[in-house]
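> Pasting the sequence and the predicted coordinates here, then a few questions.
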Amino acid sequence: MPVGQLTGTAAGPATQRLRRPSGGLLTAVAIVVAVMIAALVAAGAGALLQALVDGLRLGLVIALAAIGLSLIFSTTGLVNFAHGSLVTLGAVLALYLNTMENGPHLNLYLAALIAVCLGGVVAGLAEVSVFGPMRRANLPHLSLLVATIGLDMFGRNTILYFVGSRPRPFSAYQVQERLQFGSVSIAPRDLVMMGLAVAVLVGVALMLQLTTLGRAVRAVADNAPLAEASGISTRVVYIAVWVIGGALAALGGIFQGMSEQVSWNGGFLLLLLMFAAVIVGGIGTAYGAMAGGILIGIVTQVSTLLIPSQLKTAVAMLVLIIALLLRPQGLFGRKVRVG
């Protein structure tokens, strides 16, 4: 299978999708450069560099969480609104294992590892117990979509019941002296988190390209009936992408909680940015989700130099609209005829 073939959706096969990325890359560069020039004029070079670092941190978190959304859609065609709850679940589980009074007070790295595994298990159980049976019963796609919304509401309210509404930090990272690099400062936790996020993103890319599971995922995403006829179990692939997506979502939630605080609706607040990343990057492409996440994170954070920070999510939506007007198929998408 060609290296370029990652996923295939309504936006077209990925073999075509990654063949000519220049138009999408030029669109992304144009949007970022425009925002950066405006921020440079308004706030100066030092503030811009700081915002770029903070935006890259946020973008890596969004990219991690958005990959699962993209993989689930590309293989099953399902838009998973419960993905935000998986993000929150990872952060809350790690918080319980590391910090909460009635928890075991584990080292944060061990707590994070357990939380990521549990996030993958919960996501896999959702596919096995809910979405798999619904799909095999040939229920309308809208029914599955509504089920994801119901699961998200159930998950968020369950988390709220058990942990309360008060945001909490991880015990090891309440206060840290920031490292200074010229005009840029960064907390050691953020530096470690960004390095781990890059390593995980590279690992996911290598898994999709080089492993048997990755080839199976790409084959099912490109043409599920043909993959089934070739001996690939689509049911196993569906479970696998849910487990991978849930684990990555949990990891993204933990990283977000490390940089800020853990809140019962933190994943829900991040969900809009994840959808923006997936759509801007080209819905159904894992590489597009990575690129879109980093783009949305940087532009969102840099925009706070120009407007109140409370409006930065609105900027992400504006970027989404502009990107789709300039390139409707997304940065890594391909124009196809619909209908």
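In hand now; what should we look at?
> For the protein, just list every one of the helices.
14-17, 22-43, 45-76, 83-98, 108-126, 132-136, 141-163, 188-210, 212-222, 224-229, 234-259, 266-281, 286-302, 312-326 (DSSP state H).
> can you put these in a markdown table and add mean pLDDT?
Written out in a markdown table, the entries for these read as follows (pLDDT from 0 to 100):
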| stretch | mean pLDDT |
| --- | --- |
| helix 14-17 | 37 |
| helix 22-43 | 74 |
| helix 45-76 | 91 |
| helix 83-98 | 94 |
| helix 108-126 | 95 |
| helix 132-136 | 92 |
| helix 141-163 | 92 |
| helix 188-210 | 92 |
| helix 212-222 | 92 |
| helix 224-229 | 90 |
| helix 234-259 | 94 |
| helix 266-281 | 88 |
| helix 286-302 | 88 |
| helix 312-326 | 81 |
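> closest to residue 171 out of these?
Put simply, out of these the one that sits nearest residue 171 is helix 83-98, at 6.1 Å, with distance taken as C-beta to C-beta. (Each C-beta comes from the backbone N, C-alpha and C, glycine too.)
> relative to helix 45-76, how tilted is that closest one?
Here helix 83-98 runs at 110 degrees with respect to helix 45-76, directions being taken by axes from the mean of the first three to the mean of the last three C-alpha atoms, to 10 degrees.
> Helix 83-98 vs helix 108-126, what angle?
Angle between the axes of helix 83-98 and helix 108-126 is 140 degrees (criterion: the same axes, to 10 degrees).
> okay, the helices of the chain in a markdown table with distance to residue 177 next?
As requested, the helices of the chain are exported to a markdown table (distance: least, C-beta to C-beta, whole Å):
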| stretch | distance to residue 177 |
| --- | --- |
| helix 14-17 | 45 |
| helix 22-43 | 24 |
| helix 45-76 | 16 |
| helix 83-98 | 21 |
| helix 108-126 | 18 |
| helix 132-136 | 49 |
| helix 141-163 | 29 |
| helix 188-210 | 8 |
| helix 212-222 | 41 |
| helix 224-229 | 52 |
| helix 234-259 | 15 |
| helix 266-281 | 25 |
| helix 286-302 | 22 |
| helix 312-326 | 26 |
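> mind listing what the spatially closest residue to residue 228 that is not a sequence neighbour touches?
Using C-beta to C-beta, 6 or more residues apart in numbering and skipping residues adjacent in sequence, the residue nearest residue 228 is residue 234, 5.3 Å away. For residue 234, the set of contacting residues under the criterion of C-beta atoms under 8 Å, 6 or more residues apart in numbering consists of 75, 220, 224, 227-228.
> returning to that earlier point: for residue 169, which of the helices of the chain is the nearest?
Between residue 169 and these, the shortest separation by C-beta to C-beta is 7.7 Å, and it involves helix 234-259.
> Now that closest one: buried residues?
With burial defined by 16 or more other C-beta atoms under 10 Å, the residues of helix 234-259 counted as buried are 234, 237-259.
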